[in-house]
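Q: Below are the sequence and a predicted model for it; my questions follow.
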Amino acid sequence: MAMAHVLAYTSPARGHLFPLVPVLDELRRRGHTVSVRTLAAEVDALRARGMAATALGPAVEAMALSDWRGRGARDSLRRSVGTFAGRAPLDAADLGAAIDRDRPDAVLVDINAWGAMAAAEAWGGAWAAYCPFPLPLSSADAPPFGPGLPPARGPLGRLRDRLVRPLVMGTIARTTLPPLNAVRAGVGVPPLASADDIYLAPPLLLAMTAEPFEYPRRDWPSGVVLVGPCDWDPPAAAPAWLAEVRRPLVLVTTSSEFQDDGALVRVALEALADEPVTVVATVPAGDPADFAVPPNARVERFVPHGPLLERAACALTHGGMGATQKALAHGVPVCVVPFGRDQLEVARRVVTSGAGTAVRSGRLTAPRLRAAVREAARRRREATVVAAA
């Protein structure tokens, strides 16, 4: 195969950059050259891996998600769409300028960078997209995406899906397609007709998951390739204090993009304070000083998850796809407390696979969470099955 220059473009989110790194590493290992446009704070780390990394335009990175302020699922969706649509003209121009400068042979674009995807399509060269969250594609073998419904069982379940799918996908389409198609018109590419088309527009889509964590489907589109979770942490030594931990470890994760999920850490510290475990909570978008920490716990802004997961009995996550799949890839069972975004779907996949438990954030109490963590920790065998797949 001829050596190529690949240009990658991410949205301003570590949860969208980190799963991409193993793919880019593999391209480099095969002799291709790689350029990346991504978060300014991660440029040096990528350059250290031999990639020609540059920062996203400052205006793109400055436009943060506000979905956590939403009053209900529809308002949260509207806010997310508003952020992606607001970024879109900026990331379209940003990627267009990078293509003109770098003259790549192929472009790989984050599925949430709407303008960049349109710019890649308008460019006319070889391009693909990647998706680091559960794909919201309609399927006869999967429930309608969004509310975290269990897979259908029998005729009544299939009837539920037929009735609910137009309501769910219709809401997504009405909210998403008008601003997305306005962006596409601005760069001269055809409009999309359905919410599914967002994920079918790229000639190739890398879905960063695998069955059986993702629902097995007979109708995967030919352009969709499941590539697994692509687990990666920034290189960092294991903390010195980890060697002193003797009891089973529970890792608690919150989102790397702020979504006001600090309640998960507060309730976890209370729920597990008297349990025979060591709790380590990471709050990359928060402040460790905001929490009252019991003797059996630590709260850190950042600790590499890999060394912790090698010791963990259970991971207690906010339902981010990256953190959840990272734990399962290590064979660690998971308790998920979803707060929004795609997290209800991630939680349902954890429960359906048997690899853990879930607690709704609206019903989050110390006794309920304690029981859910205890039950999740008993699912090691099921988590190992997911890890093997």
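A: Looks like it arrived, so ask away. Values in this document were obtained by computation on a predicted structure and should not be read as measured data.
Q: When you work out contacts or count neighbours from here on, use the C-alpha atoms and nothing else.
A: OK.
Q: Compute the number of surrounding residues for the closest residue to Pro190 other than its chain neighbours.
A: Leaving aside its chain neighbours, Pro190 sits nearest to Arg184 (6.7 Å; criterion: C-alpha to C-alpha, 6 or more residues apart in numbering). Arg184: 25 surrounding residues under other C-alpha atoms under 10 Å.
Q: ok, Arg184 touching Ala118?
A: Yes: under the criterion of C-alpha atoms under 8 Å, Arg184 makes contact with Ala118 at 5.6 Å.
Q: which phi and psi does the residue nearest to Pro190 have?
A: phi -60, psi -40 (degrees, to the nearest 10).
Q: gap between it and Leu369?
A: Look at Arg184 and Leu369: by C-alpha to C-alpha, to the nearest Å, they are 45 Å apart.
Q: same question, Val21
A: From Val21 across to Leu369, the span is 33 Å (C-alpha to C-alpha).
Q: quick one, helices of the stretch 1-150 of the chain?
A: Counting by DSSP state H, counting those that start in this stretch, the stretch 1-150 of the chain has helices at residues 14-17, 21-29, 43-47, 58-62, 73-102, 114-123.
Q: Tell me which of those sits most buried.
A: Of all the helices of the stretch 1-150 of the chain, helix 114-123 has the most neighbours on average by mean count of other C-alpha atoms under 10 Å, namely a mean of 26.
Q: And the contacts of it?
A: 9, 84-85, 87-96, 107, 109-111, 127, 129, 180, 183-184, 187-189, 202 (C-alpha atoms under 8 Å, 6 or more residues apart in numbering).
Q: what angle do that helix and helix 73-102 make?
A: 40 degrees (axes from the mean of the first three to the mean of the last three C-alpha atoms, to 10 degrees).
Q: Can you get me a residue count around Gly50?
A: 13.
Q: The one 4 residues further on too?
A: Counted with other C-alpha under 10 Å, the burial measure for Thr54 works out to 19 neighbours.
Q: quick one, what contacts the nearest residue to Leu17 once chain neighbours are set aside?
A: Sequence neighbours aside, Thr10 is the residue nearest to Leu17 in space, at 6.2 Å (criterion: C-alpha to C-alpha, 6+ apart). Remark: with contacts taken as C-alpha under 8 Å, 6+ apart, Thr10 is in contact with 16-17, 36-39, 109-110, 113.
Q: Out of the residues you listed, grab the one that's most surrounded.
A: In the contacts of Thr10, the most neighbours by other C-alpha under 10 Å go to Val109, 28 neighbours.
Q: excluding its backbone neighbours, what's nearest Glu214?
A: Nearest one to Glu214, counting by C-alpha to C-alpha, 6+ apart, is Arg349 at 6.6 Å.
Q: Give the helix, strand or coil label for the one you found.
A: Under DSSP: H, G, I helix; E, B strand; the rest coil, Arg349 falls in the helix class.
Q: Might one say that it is in contact with Glu211?
A: No: judged on C-alpha under 8 Å, Arg349 makes no contact with Glu211 at a distance of 10.2 Å.
Q: From the neighbour counts alone, determine which of these two ranks first.
A: Ranked by neighbour count (other C-alpha under 10 Å), Arg349 and Glu211 place Arg349 first, with 24 against 14.
Q: my guess is Leu24 contacts Val36, does it?
A: No: between Leu24 and Val36 there is no contact under C-alpha under 8 Å: 9.0 Å.
Q: I'd like the contacts of Thr10 as JSON lines, with pLDDT and distance to Gln325 appended.
A: JSON lines is the format used below for these (pLDDT from 0 to 100; distance: C-alpha to C-alpha, whole Å):
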{"residue": "His16", "pLDDT": "91", "distance to Gln325": "13"}
{"residue": "Leu17", "pLDDT": "94", "distance to Gln325": "15"}
{"residue": "Val36", "pLDDT": "97", "distance to Gln325": "24"}
{"residue": "Arg37", "pLDDT": "96", "distance to Gln325": "25"}
{"residue": "Thr38", "pLDDT": "95", "distance to Gln325": "22"}
{"residue": "Leu39", "pLDDT": "93", "distance to Gln325": "22"}
{"residue": "Val109", "pLDDT": "97", "distance to Gln325": "21"}
{"residue": "Asp110", "pLDDT": "95", "distance to Gln325": "18"}
{"residue": "Ala113", "pLDDT": "92", "distance to Gln325": "22"}
